[in-house]
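Student: I would like the atomic coordinates for the input below:
(one chain, ligands or ions: 1)
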Amino acid sequence: MALAGVRVIELAGLAPAPFCGMVLADFGARVIRVDRTRTTMAMDVQARGKLSVALNLKKPEGAAVLRKLCLKSDVVLEPFRKGVMEKLGLGPEELLKENPRLIYARLTGFGQSGSFATAAGHDINYLAMSGLLSKLGRSSENPYAPLNLVADFAGGGLLCAMGIVLALYERTRSGRGQVIDASMVEGAAYVGSFIWKSQNLGLWNRPRGHNLLDSGAPFYETYETADGKHMAVGAIEPQFYNELIKGLGLDPTELPLQMSVSDWPELKRIFTETFASKTQAEWSKIFDGTDACVTPVLSLEEVSSHPHNRERGSFIKDAQGEVSPRPAPLLSRTPASPSSSRDPFIGEHTRTVLAEYGYSSAQIDSLLSAGVIECKSKSRL
Ligand SMILES: C[C@H](CCC[C@@H](C)[C@H]1CC[C@H]2[C@@H]3[C@H](O)C[C@@H]4C[C@H](O)CC[C@]4(C)[C@H]3C[C@H](O)[C@]12C)C(=O)SCCNC(=O)CCNC(=O)[C@H](O)C(C)(C)COP(=O)(O)OP(=O)(O)OC[C@H]1O[C@@H](n2cnc3c(N)ncnc32)[C@H](O)[C@@H]1OP(=O)(O)O
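Tutor: Residues are numbered from 1 along each chain as shown. Okay, the predicted model is just below:
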């Protein structure tokens, strides 16, 4: 796999960093997640392919163990507030001095500088600070955050993974590591660059919820079907819009013009009424295979059995029977190969990993009895 041989130390955090670690593991990196001791349940539900070491970083011996792990690793990924790692004596200054090839990824909400740098926050806060949240949501409602997808995952974990891969690639020339300051505010905004860059196209000059792509346009919208499901319509271009009208069985001569913005509410009313007359399966039969840009809104339970997704194997089932998306993108020669084993228990691999990184059995036992590490297994939970 593309990242085979890359060794990552992921410090356990909430959603974004675990996603970043999972992406790296899916594409072949060896990801060792460092969990807190005296913790029963892992917060990481994106743990496939990872190993778990339970280590108390607040004990000096624990910090020393982490330094030793980073000495022989390529990447350290930390998900904490600015300054936390420095307080532990594990900041970039220390770790890069000991291992100049180390890539030190810092995934935060607000970045390593600025007045908000030490403030707590979650996806919705970062999305709000990015400017994008002001553009999201229907006109009759408050701005709406699409789950925690944009800041946590797209602008956070995924861009952080990209930063790590960029730094690994650069290191092949320079031989040197560097610090990645991954701010979710900036990552979300960067993912949304199109919104800034298209300001002069007239795409966003009406109030939120009245524009082409933000639920204003009737031909870029979702509609309820007779059986309470929904269809998604994205027929923007005239040739696709004509296919939509044809599939709906409407007479274009009796409709307002597609781009007559003042008629969009009336057009949306007509589409709403029409889509309500048939079931989702009936509309799919009409639109599947056409260029009308109309697709069924599938549930998480339905996606893997939809013919298109099934033919591609877009969703995978692990050894526990859990369905989830397969890694993307699909590389032709070195595709990802996500682990199908169960997620690790906290501390499950402490002994194995420490031995691999040069600790003797006696040293491990001593760290264990001092409460610096924990070695757990299923049988002892
Ligand atoms: C929208 C998302 C949030 C999604 C949250 C979901 C993932 C979770 C929501 C509900 C959870 C489930 C529920 O609680 C029920 C179960 C409970 C069970 O215990 C676990 C399983 C559950 C199913 C549980 C599972 C999941 O957790 C849920 C579903 C987001 O937006 S997430 C993005 C958040 N923001 C960031 O990541 C930006 C950067 N980070 C931060 O800004 C801060 O970390 C943050 C997030 C504000 C938290 O601040 P906090 O004060 O708590 O921490 P820090 O200031 O970062 O300091 C960390 C301290 O911890 C010490 N430490 C770390 N590792 C170790 C170690 N190995 N040993 C010892 N000590 C350690 C570190 O030294 C720091 O100590 P100090 O504070 O003293 O310096």
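Student: Show me what counts as buried in the top helix by length along the chain.
Tutor: Longest helix in the chain, counting residues (DSSP state H): helix 159-174. Neighbour-count burial for helix 159-174, counted by 16 or more other C-beta atoms under 10 Å, picks out 159, 160, 161, 163, 164, 165, 167, 168, 171. Every residue, glycine included, has its C-beta placed from N, CA and C.
Student: Which elements pack onto that helix?
Tutor: In terms of contacts (3 or more C-beta pairs under 8 Å, 6 or more residues apart in numbering; DSSP states H and E), helix 159-174 is packed against helix 16-26, strand 75-78, strand 103-108, strand 178-183, helix 184-191.
Student: Can you tell me which of these is nearest to the ligand?
Tutor: The closest of the helices and strands packed on helix 159-174 to the ligand is strand 103-108. By C-beta to the nearest ligand atom, the value is 4.3 Å.
Student: for the ligand, what are the nearby residues on the stretch 151-300 of the chain?
Tutor: For the stretch 151-300 of the chain, the contact set with the ligand under C-beta under 6 Å from any ligand atom comprises residue 152.
Student: which residues touch the residue in the stretch 151-300 of the chain positioned nearest to the ligand?
Tutor: Nearest to the ligand in the stretch 151-300 of the chain, going by C-beta to the nearest ligand atom, is residue 152, at a distance of 4.9 Å. By C-beta atoms under 8 Å, 6 or more residues apart in numbering, residue 152 lies in contact with 15, 16, 19, 122, 123, 126, 184.
Student: Just the local confidence number for it, please.
Tutor: On pLDDT, residue 152 comes in at 98.
Student: if I pick residue 247, what's in contact with it?
Tutor: 283, 286, 287, 290, 292, 294.
Student: Pop out the phi and psi values for the spatially most central residue of the chain.
Tutor: Nearest residue to the geometric centre of the chain (C-alpha atoms, centre = their mean): residue 153, 2.7 Å. Torsion angles at residue 153 (phi, psi; degrees, to the nearest 10) stand at phi -100, psi -60.
Student: OK, contacts around the nearest residue to it once chain neighbours are set aside?
Tutor: Once flanking residues are discounted, residue 153 sits nearest to residue 19: 5.5 Å by C-beta to C-beta, 6 or more residues apart in numbering. Residue 19 is in contact with 46, 152, 153, 156, 157, 158, counting by C-beta under 8 Å, 6+ apart.
Student: Also residue 270?
Tutor: Contacts of residue 270 by C-beta under 8 Å, 6+ apart are 218, 250, 255.
Student: what's around residue 207, how many residues?
Tutor: Number of residues near residue 207 (other C-beta atoms under 10 Å) recorded here: 10.
Student: Where does residue 328 sit, in terms of helix or strand?
Tutor: Assessed by DSSP states H and E, residue 328 sits outside every helix and strand.
Student: Tell me the spacing between it and residue 312.
Tutor: Residue 328 sits 11 Å away from residue 312, going by C-beta to C-beta, to the nearest Å.
Student: Residue 145 too?
Tutor: 30 Å.
Student: So between these two, which is more surrounded?
Tutor: Legend: neighbour count by other C-beta under 10 Å for residue 145 and residue 312, higher for residue 145 (19 against 11).
Student: is it fair to say that one lies in a strand?
Tutor: No: counting by DSSP: H, G, I helix; E, B strand; the rest coil, residue 145 is not found in a strand; it is coil.
Student: check contacts around residue 268.
Tutor: The contact partners of residue 268, taken as C-beta under 8 Å, 6+ apart, are 218, 221.
Student: buried ones in whichever strand or helix holds it?
Tutor: According to DSSP H and E, residue 268 maps onto helix 264-275. Within helix 264-275, the residues that count as buried by 16+ other C-beta under 10 Å are 264, 267, 268, 270, 271, 274, 275.
Student: Can you name the residue of the stretch 101-250 of the chain nearest to the ligand?
Tutor: For the stretch 101-250 of the chain, C-beta to the nearest ligand atom, closest residue to the ligand: residue 122, 3.2 Å.
Student: Not counting sequence-adjacent ones, nearest residue to that residue?
Tutor: Distances taken as C-beta to C-beta, 6+ apart put residue 148 closest to residue 122, at 7.1 Å, once the chain neighbours are dropped.
Student: tell me the contacts of that neighbour?
Tutor: By C-beta under 8 Å, 6+ apart, the contact set of residue 148 is 15, 122, 123, 124.
Student: where do the strands sit along this structure?
Tutor: 7-11, 30-35, 51-55, 75-78, 103-108, 178-183, 220-224, 230-234, 294-296, 315-317, 323-325, 373-374 (DSSP state E).
Student: Export those as CSV, with columns for mean pLDDT and distance to residue 85.
Tutor: Shown next, in CSV, are the strands of the chain (pLDDT from 0 to 100; distance: least, C-beta to C-beta, whole Å):
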stretch, mean pLDDT, distance to residue 85
strand 7-11, 98, 8
strand 30-35, 98, 12
strand 51-55, 98, 14
strand 75-78, 98, 5
strand 103-108, 98, 8
strand 178-183, 98, 11
strand 220-224, 98, 44
strand 230-234, 98, 43
strand 294-296, 98, 45
strand 315-317, 97, 34
strand 323-325, 97, 31
strand 373-374, 97, 19
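Student: and these as TSV, adding mean neighbour count?
Tutor: Formatted as TSV, these follow (neighbours: other C-beta atoms under 10 Å):
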stretch	mean neighbour count
strand 7-11	24
strand 30-35	24
strand 51-55	25
strand 75-78	26
strand 103-108	26
strand 178-183	22
strand 220-224	17
strand 230-234	19
strand 294-296	19
strand 315-317	14
strand 323-325	14
strand 373-374	24
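Student: TSV for those strands, including distance to residue 90?
Tutor: Formatted as TSV, the strands of the chain follow (distance: least, C-beta to C-beta, whole Å):
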stretch	distance to residue 90
strand 7-11	9
strand 30-35	10
strand 51-55	11
strand 75-78	8
strand 103-108	10
strand 178-183	13
strand 220-224	47
strand 230-234	47
strand 294-296	48
strand 315-317	35
strand 323-325	32
strand 373-374	16
